[in-house]
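Colleague: here you go, sequence then predicted model.
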Amino acid sequence: MAITMTDAAAARVSSFLANRGKGIGLRLGVKTTGCSGLAYVLEFVDELAEEDKVFEQHGVKVIVDAKSLIHLDGTELDFVKEGLNEGFQFNNPNAKGECGCGESFSV
């Protein structure tokens, strides 16, 4: 089981953590919501929970809880800029479909 991230995503997360001034990494998770059932959640992590799995790449830690890892295994976190838009992109091999607005996915 693994979560990976691109150089661009790692640089962006590092920048966010540096600006925040604290934190050990970024939590990647899922929550039930939206048209398709699941949505991605990103939040800063200050302390690890017992059930957390930690994946480190490019000097940045991505923390995933065991329940979310089932839906996220193999996901690559990327950060893309397209014109005036920028944001994190999730390349998830488990996602079988997305809603039209791109806010949620199904597995």
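Modeller: On my side now, so go ahead. If you're wondering where the values come from, they're calculated on a predicted model, not measured in any experiment. Residues are numbered from 1 along each chain as shown.
Colleague: buried set for stretch 79-87?
Modeller: residue 79 (16 or more other Cβ atoms under 10 Å). Placement of C-beta: from N, CA and C, glycine included.
Colleague: please begin residue numbering at 27 from this point
Modeller: Understood, numbering begins at 27; the last thing we discussed is stretch 105-113.
Colleague: now do the same end-to-end measure for it.
Modeller: 6 Å (Cα to Cα, to the nearest Å).
Colleague: what sits up against it?
Modeller: Outside stretch 105-113, the residues that touch it by Cβ atoms under 8 Å, 6 or more residues apart in numbering are 32, 34-35, 37-38, 114-115.
Colleague: need the residues that contact stretch 90-102.
Modeller: 27-32, 53-56, 64, 67, 75, 77-79, 81, 116-120, 133.
Colleague: write a PyMOL command that selects only the buried members of those.
Modeller: Buried residues among the contacts of stretch 90-102 (16+ other Cβ under 10 Å), as a PyMOL selection:
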select buried, resi 29+30+31+32+53+54+55+56+64+78+79+81+116+118
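Colleague: for the most far-flung residue of the chain relative to its centre, give its distance to residue 68.
Modeller: Distance from the C-alpha centroid of the chain peaks at residue 109, with 22.2 Å (Cα atoms, centre = their mean). According to Cβ to Cβ, to the nearest Å, residue 109 and residue 68 sit 22 Å apart.
Colleague: report the buried residues of the top helix by length along the chain.
Modeller: Longest helix of the chain, by residue count under DSSP state H: helix 33-46. Neighbour-count burial for helix 33-46, counted by 16+ other Cβ under 10 Å, picks out 34-36, 38-39, 43.
Colleague: check which helices and strands that helix sits against.
Modeller: Under the contact criterion of 3 or more Cβ pairs under 8 Å, 6 or more residues apart in numbering; DSSP states H and E, helix 33-46 touches strand 51-59, strand 63-71, strand 86-90, strand 102-108.
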